[in-house]
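Trainee: I would like the atomic coordinates for the input below:
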Amino acid sequence: KSKKYNYIKLSRRYKNAEAPLFKTIDMKKEKKKILALQTINEIKKNIILNKQSLLLINRRGYAPIQVCINCGTSIKCKHCSTNMVLHKNKNILLCHHCGAKQEITQNCETCKSKNSIIELGFGVEKVYEEVKKIFKDEKVVVLSSDTIDKDSFSKTLKDIEENKINIIIGTQIISKGFDFSHLTKVFMLDFDMWFYNSDLRTTERTFQLTEQISGRAGRRNIQGEVYIQTYDTRNKLLEQIIKKNRDLFYEEELIRRNVSSLPPFIKIAAIILSGEVLKQVEKSALDLVSYLKQNYALEILGPIPAPIHFLRHKYRFRLLLKSKKVFYIQKCLQETLLGYKYNKKIKLKIDIDPYSFF
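Mentor: Modelled structure (predicted):
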């Protein structure tokens, strides 16, 4: 719109294939099941027709949370303030942020209860386990960064292309760029989880992912179908996805961003301070905010503990700077770094136009 870039619009799909149909599945009726009855029935129909189905679940491992049923404490990484993820195939608990590993345990270290640890949530491994229970005789494959290497990935892609696999279970890595001629149905299993984060661009990213994953379905002479399992069938974004109105989505998103003073109407920068001593990090963050307020006409939010407050043995605080002048933030931060005396034990990271808010 600002004429900074040329806009090229793709008006038709590859080989003139029909755009897929979007349908929602209300999970409130499913009593916490991983696969809705409708999902199971649609996969069965595909198997009869010798067509493939893709299940998208954007969580690696088996279960993202291990919690004690007696005291409610979850098993967290010893180096980060994040939950350890159960990887059943590797028989370990793994931190997805620092890579730390722990042995699987059924006993709680906090209250010393025996056999009190239960699993909450589900990842690709648990979805695979559930699918194999229902479709015992079908060929099922999991595609995620944990389960594939270069050689096995090439072989798996060849098997999919030759229709030797009935059901594909994948994370986001399978959502774009692949041309599977026998794949006609896509099922998004964890659609609601995309909204539970602190990213300013959540709706945009969710819309883009849904468009990308829909591009895997029905790429030949059969119209594809995308089924979205959700507990919130009245979600406004869902309405726009189902209507396939990309232009309307972006128009409304621009209005929301403008009203809320968010990019692209303003420039934002994040400053993350980290160090080994909590009080030092917090004091440095407060001192920096005071200094910035005295010297620059910026809107400053924070400091607050970062969503992942403790990462790789370091405590973390964040603050967010907002400015309507495009280059003003870079200039003032450059001057700040040159002239500001801060604790050398504290690491200071600046992220212009941040895409991550952890």
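
Trainee: return the distance of residue 53 relative to residue 44.
Mentor: Per Cβ to Cβ, to the nearest Å, residue 53 is found 9 Å from residue 44. For the C-beta atoms, the positions are set from N, CA and C on the backbone; glycine is no exception.

Trainee: helices and strands around the helix or strand of the chain with the lowest mean pLDDT, which ones?
Mentor: Every helix and strand of the chain was ranked by mean pLDDT, DSSP states H and E. The lowest is helix 328-339, at a mean of 78. Helix 328-339 sits against strand 267-275, helix 278-295, strand 314-323, strand 347-352, with contacts defined as 3 or more Cβ pairs under 8 Å, 6 or more residues apart in numbering; DSSP states H and E.

Trainee: looking at these, which is nearest to residue 335?
Mentor: helix 278-295 (8.1 Å; Cβ to Cβ).

Trainee: and the contacts of the closest one?
Mentor: Here helix 278-295 makes contact (Cβ atoms under 8 Å, 6 or more residues apart in numbering) with 271, 273-275, 298, 300, 302-303, 315-317, 319, 321, 332, 336, 340, 342-343, 345-346, 348.

Trainee: just the buried ones from those, in ChimeraX syntax?
Mentor: The following ChimeraX line selects those of the contacts of helix 278-295 that are buried, judged by 16 or more other Cβ atoms under 10 Å:
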select :271,273,274,275,298,300,302,303,315,316,317,319,321,332,336,346,348
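
Trainee: for stretch 111-123, measure first residue to last.
Mentor: This stretch, stretch 111-123, spans 27 Å end to end (Cα to Cα, to the nearest Å).

Trainee: scratch that, stretch 73-90 is what I was asking about
Mentor: By Cα to Cα, one end of stretch 73-90 lies 24 Å from the other end.

Trainee: for it, which positions count as buried?
Mentor: Using 16+ other Cβ under 10 Å as the test for burial, stretch 73-90 gives 73-77, 79-88.

Trainee: low-confidence ranges in the stretch 51-200 of the chain?
Mentor: Low-confidence segments of the stretch 51-200 of the chain, defined by pLDDT under 70: 196-198.

Trainee: let's see 80
Mentor: 145-151, 173-179, 194-199 (pLDDT under 80).

Trainee: about what we covered before: can you tell me which of the buried residues of stretch 73-90 are in strands?
Mentor: 85, 86, 87 (DSSP state E).

Trainee: residue contacts, the second one?
Mentor: Meaning residue 86. 61, 62, 63, 64, 66, 93, 104, 119.

Trainee: which residue is the nearest non-sequential neighbour of the fifth one?
Mentor: Right, the one you point to is residue 66. Spatial nearest neighbour of residue 66, excluding adjacent residues (Cβ to Cβ, 6 or more residues apart in numbering): residue 75 at 4.3 Å.

Trainee: just checking, the one you found touches residue 102?
Mentor: Yes: Residue 75 is within contact range of residue 102, at 7.4 Å (criterion: Cβ atoms under 8 Å).

Trainee: who touches both of the two?
Mentor: Taking Cβ under 8 Å, 6+ apart as the criterion, residue 75 and residue 102 both touch 84, 93.

Trainee: how about the ones in strands among the buried residues of stretch 73-90 in TSV, adding distance to residue 6?
Mentor: Below are those laid out as TSV (distance: Cβ to Cβ, whole Å):
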residue	distance to residue 6
85	43
86	48
87	45
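
Trainee: picking that back up, now list the buried members of the contacts of residue 86.
Mentor: Among those, the ones that count as buried by 16+ other Cβ under 10 Å are 61, 62, 63, 64, 66, 93.

Trainee: in helices only, show me these.
Mentor: Using DSSP state H to define helices, no part of those is located there.

Trainee: what is the nearest of those to residue 252?
Mentor: Nearest to residue 252 among these: residue 64, at 31.7 Å, using Cβ to Cβ.

Trainee: who are the neighbours in contact with that closest one?
Mentor: Per Cβ under 8 Å, 6+ apart, neighbours of residue 64: 83, 85, 86, 120, 121, 122, 123.

Trainee: how about JSON lines for these, with distance to residue 205 added?
Mentor: Output for those, formatted as JSON lines (distance: Cβ to Cβ, whole Å):
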{"residue": "83", "distance to residue 205": "22"}
{"residue": "85", "distance to residue 205": "21"}
{"residue": "86", "distance to residue 205": "26"}
{"residue": "120", "distance to residue 205": "24"}
{"residue": "121", "distance to residue 205": "20"}
{"residue": "122", "distance to residue 205": "21"}
{"residue": "123", "distance to residue 205": "19"}
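
Trainee: show me the two of those that sit farthest apart.
Mentor: Spatial extent of those (Cβ to Cβ) is set by the pair 83 and 122 at 13.7 Å.

Trainee: distance check, residue 339 against residue 173.
Mentor: Per Cβ to Cβ, residue 339 is found 44 Å from residue 173.

Trainee: which of those two has more neighbours?
Mentor: residue 173 (14 against 9; other Cβ atoms under 10 Å).
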